[in-house]
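Novice: Have a look; sequence and predicted model below, questions after that.
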Amino acid sequence: MTPMQSTDVATKAPESMTDPERGVLLSVRGVTVGFGSKIILKDLDLDVNSGEVLGFVGGSGTGKSVLMRTILGLTPKRAGRISVFGHDLSKANRRERLMIERRWGVLFQQGALFSSLTVKQNIQVPMREHLKLSPRLMDELASLKLELVGLPQDAADKFPSELSGGMVKRASLARALALDPDLVFLDEPTSGLDPIGAAAFDSLIDNLSSTLGLTVYMVTHDLDSLHSICDRIAVLGNKRVLAIGTLDDMMKNDDPWITSYFRGERALRRT
Ligand SMILES: Nc1ncnc2c1ncn2[C@@H]1O[C@H](COP(=O)(O)OP(=O)(O)OP(=O)(O)O)[C@@H](O)[C@H]1O
């Protein structure tokens, strides 16, 4: 039986989940997270390989955002170990923690730009937090980031409320890329975009991943993104990673949720 055919793959075969050629950038082992008496994630394992685009799916309320927030250190875990760039996050001192945070970027759901700051000032927030740069250099870097995500230079002085949904996503991505991270976390980056805007955003992420060697951890409900840019897909269910592998692996998996998600009516309408 291949790992993908087994629904308890995540609890027993961590090595088989990864691509040894690429190396593991993010490793989650035995993580349990709960709120009060409600356990959301139980004994969860996950590996993200360097340079891959990993799509993270699962039913609504299964804990995809909770897991991402736990990895980022925003939600406490009750058990387990999370290592990023080879560092155990719970053992990292303040200096190491800052070094780690400099190497990742985050795009939260809805973009989460500061509404009282312009796009340029939003992009410069991580630079101000982590680097000591002259205002002129920060302006130059912000301008480069705008170009990288395909925003016109005149977007720099606009406020988030003056942008379209697609532009907000791009501006948020520019902020996530402000410090040239190795790893970016994207929480439903294409939600709220029309199909053409979503496809353009997917192709932007795909380009960044291949040209910058960026590793992408992407929570999504978007089947098109999963088909077009993800190297692997992880499925969250029953409080853990039910399955992880390529799209082909998902198509062969006989778990009922995975079958209905990848081979159900909505999936068939895509073809
Ligand atoms: N701070 C919190 N306190 C209590 N419960 C919480 C908290 N944050 C999340 N939850 C609960 O954890 C569960 C998982 O939430 P989460 O937002 O991670 O789901 P999700 O898989 O991202 O869902 P969706 O796809 O709908 O965005 C939900 O039942 C939610 O109510």
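Specialist: Sure thing, it's come through. Numbering: from 1, shown residues only.

Novice: can you confirm residue 225 is in a helix?
Specialist: Yes. Counting by DSSP: H, G, I helix; E, B strand; the rest coil, residue 225 is found in a helix.

Novice: Would you confirm that it contacts residue 203?
Specialist: No. The pair residue 225 / residue 203 is not scored as a contact, 10.2 Å apart, by Cβ atoms under 8 Å. (C-beta placed from N, C-alpha, C; glycine too.)

Novice: Compare these two and say which is more crowded by neighbours.
Specialist: Taking other Cβ atoms under 10 Å, residue 225 and residue 203 do not tie; residue 225 has more neighbours (24 against 13).

Novice: Contacts only, for the more buried one.
Specialist: 55, 189, 190, 198, 202, 218 (Cβ atoms under 8 Å, 6 or more residues apart in numbering).

Novice: what do you get for residue 209?
Specialist: Residues counted as contacts of residue 209 (Cβ under 8 Å, 6+ apart) are 51, 53, 215, 216, 229.

Novice: at 6 Å instead, please
Specialist: Counting by Cβ atoms under 6 Å, 6 or more residues apart in numbering, residue 209 touches 53, 216.

Novice: so it is in which element?
Specialist: In this assignment (DSSP states H and E), residue 209 forms part of helix 195-212.

Novice: next one: that helix to chain centre, how far?
Specialist: When distances are taken as Cα atoms, centre = their mean, to the nearest Å, helix 195-212 is centred 14 Å away from the chain's centroid.

Novice: try stretch 177-192
Specialist: That offset, for stretch 177-192, works out to 6 Å (Cα atoms, centre = their mean).

Novice: model confidence over that stretch, on average?
Specialist: Taken as a whole, stretch 177-192 has an average pLDDT of 90.
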